[in-house]
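> this is a predicted model, with the sequence first.
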Amino acid sequence: MPVTTSQKGDYVARQVGADCIDLSVGQPSPTLLPLQTLATAASHRLGSPDAELLLQYGPRQGYRSFRQSLSSFLSERYGVAVHPEHLMVTAGVSHGLALAVGRLSRPGDVIVVEQPTYFLVTPIFHDNHLTVVPVPTDEYGMVVEELESWLRKDPANRPRLVYTIPVHNNPRGTCMAPHRRRHLMRLAAEYDFYVLADEVYQAADAAAAVPGPLRCYESCDPRVSRVVSMGSFSKILAPALRLGWLESSNPAVMERLRGDGVISSGGCIAQLSTGLAHSALDLRLQRWIPGSLVEPLGGYFLWLELQEGIDSRQVLSVAERGHGVRFTPGPVCGGGAANCLRLAFSFYNEQTQRHVCMLQELEEGARRLGAAIREYMELQQDEQQKEQEQQQRQQFRSGV
């Protein structure tokens, strides 16, 4: 029977047929969602003496005991100390990003964004009336040298914010190299902008090869840090919890974030979810989403670059129509990238609903995708040949 993805959007809010291998869905497999873990956590927390606090308005930054557990968990995962007072509870990374953008910028400000990037992030910037300036990426992450070149040429138009996914970038799957992290931090200090670090995959991967959080590459006093880090339990526990965090060691930044009108009125944005996650952390019952197959080191995505001249949107049409496979075309992620595609492998874990081994399923998906690309190229060649033949006939008639 068809499997229905739950996230809204043109590329994911469609039914996935039983014979279609969908490599466009950037969400965990249903079989990875920890139902028993959350049931145990709910029973544990709602049975505690202070359970009624979870159903009340919470403190704006999130209640301290949860932030203490979260700080211990993150310190263990990151390999560097995370302090409870530097954390603020959010309703996931999207909410945290919207909160940070709204509190740290004004309409008309410039935000620098990696290209390609997470394709659903741009509306957040447009909602806040920001001017989006793209900067390219390569296998080492953001090309910070290009950013510096632009800043030197037009210092009066300096950005207020820079948005980056430095760990397991979506869609490329790359990690920003350490030397570029240090370079970016130097530019942030010199040109006085904040770096919004979408580090949602940092806590989901403890691989030794993964650099530490972006803030570790600052050389300034932590109290004047320019980094606001964003994380979430969506990738490591369950998306529906809508629970994440912002981290900043800068007291002035934290005060501005706490001053948000919605949070000032309603208190902690995810009070009940923090209780469930608190129990999961204390009991160490999380079921971790595997980071990757072979490449990249972690995250959900693979970024495939085809030869120039191939239109991935047309390939998608061929793939869906005749080969039972889907993916996300590169242009959806911004920056053109017409010949690129984003492949997501997280939706297929070790045992799918059709009881097919993950590796076999993904191998079959790769086979179908390759067949679709070859068919598209053959169709393209046929069209080019027809055009050439038509031109030759026209030339012949003109000569006659």
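Good, I have the coordinates. Numbers count the residues shown, from 1 in each chain.
> secondary structure class of Met230, three-state.
Each residue gets one of three states, and Met230 gets strand by DSSP: H, G, I helix; E, B strand; the rest coil.
> tell me who's in contact with it.
If you count contacts by Cβ atoms under 8 Å, 6 or more residues apart in numbering, Met230 has them with 90, 93, 96-97, 100, 196-200, 244-247. Every residue, glycine included, has its C-beta placed from N, CA and C.
> which parts of the chain are helices?
In chain order, the chain shows helices spanning 35-46, 64-78, 93-104, 122-127, 144-153, 178-191, 251-258, 261-266, 271-283, 312-322, 358-399, with DSSP state H as the criterion.
> run the angle between the fifth one and helix 178-191 for me.
The one in question is helix 144-153. Between the axes of helix 144-153 and helix 178-191, defined by axes from the mean of the first three to the mean of the last three Cα atoms, to 10 degrees, the angle is 20 degrees.
> what of the last one?
Calculated by the same axes, to 10 degrees, helix 358-399 forms an angle of 70 degrees with helix 178-191.
> helices or strands up against helix 358-399?
strand 21-22, helix 312-322, strand 325-326 (3 or more Cβ pairs under 8 Å, 6 or more residues apart in numbering; DSSP states H and E).
> mind checking which of the ones you listed is nearest Gln385?
With respect to Gln385, and counting by Cβ to Cβ, the nearest of the helices and strands packed on helix 358-399 is helix 312-322 at 17.2 Å.
> mean confidence score for that closest one?
For helix 312-322, the mean per-residue pLDDT is 89.
> so that helix versus helix 358-399, what angle?
On the basis of the same axes, to 10 degrees, helix 312-322 is oriented at 110 degrees to helix 358-399.
> how about helix 312-322: buried residues?
Ser312, Val315, Leu316, Val318, Ala319, Glu320 (16 or more other Cβ atoms under 10 Å).
> just the pLDDT for the residue nearest to the third one when sequence neighbours are not counted.
This means Leu316. Counting by Cβ to Cβ, 6 or more residues apart in numbering, Leu316 lies nearest to Pro329, which is 5.4 Å off, once chain neighbours are set aside. As summarised for this prediction, Pro329 has a pLDDT of 87.
> one more: Tyr140?
Spelled out, the predicted local distance difference test score at Tyr140 is 94.
> if we can go back for a sec, pick the one among the contacts of Met230 closest to Glu305.
Of the contacts of Met230, the one sitting nearest to Glu305 (Cβ to Cβ) turns out to be Asp198, at 22.3 Å.
> which residue packs closest to the residue most central in space within the chain, ignoring adjacent ones?
With distances taken as Cα atoms, centre = their mean, Asn170 lies nearest the centre of the chain, 4.9 Å away. Ranked by Cβ to Cβ, 6+ apart and with sequence neighbours excluded, the top spatial neighbour of Asn170 is Tyr118, at 4.6 Å.
> what about that neighbour, how many neighbours?
Around Tyr118 there are 23 other residues, counting by other Cβ atoms under 10 Å.
> and which of the contacts of Met230 is nearest to Ile165?
Nearest to Ile165 among the contacts of Met230: Asp198, at 4.5 Å, using Cβ to Cβ.
> now do the closest residue to that closest one other than its chain neighbours against Gln202, distance only.
Spatial nearest neighbour of Asp198, chain neighbours left out: Ile165 (4.5 Å); criterion: Cβ to Cβ, 6+ apart. From Ile165 across to Gln202, the span is 10 Å (Cβ to Cβ, to the nearest Å).
> isn't Tyr376 up against Ser312?
No: at 9.3 Å, Tyr376 does not count as touching Ser312 under the criterion of Cβ atoms under 8 Å.
> ok, now which ones touch the residue lying closest to Ile269 once chain neighbours are set aside?
Closest residue to Ile269 apart from its sequence neighbours, by Cβ to Cβ, 6+ apart: Ala91 at 4.7 Å. Counting by Cβ under 8 Å, 6+ apart, Ala91 makes contact with Arg242, Leu243, Gly244, Ile269, Ala270.
> which of those residues sits closest to Arg182?
Taking the contacts of Ala91 together and measuring to Arg182 by Cβ to Cβ, the closest member is Gly244, at 26.4 Å.
> and the closest residue to that closest one other than its chain neighbours, what pLDDT?
For Gly244, the nearest residue in space outside its immediate sequence neighbours is Ser232; the separation is 3.6 Å by Cβ to Cβ, 6+ apart. The confidence metric pLDDT takes the value 89 at Ser232.
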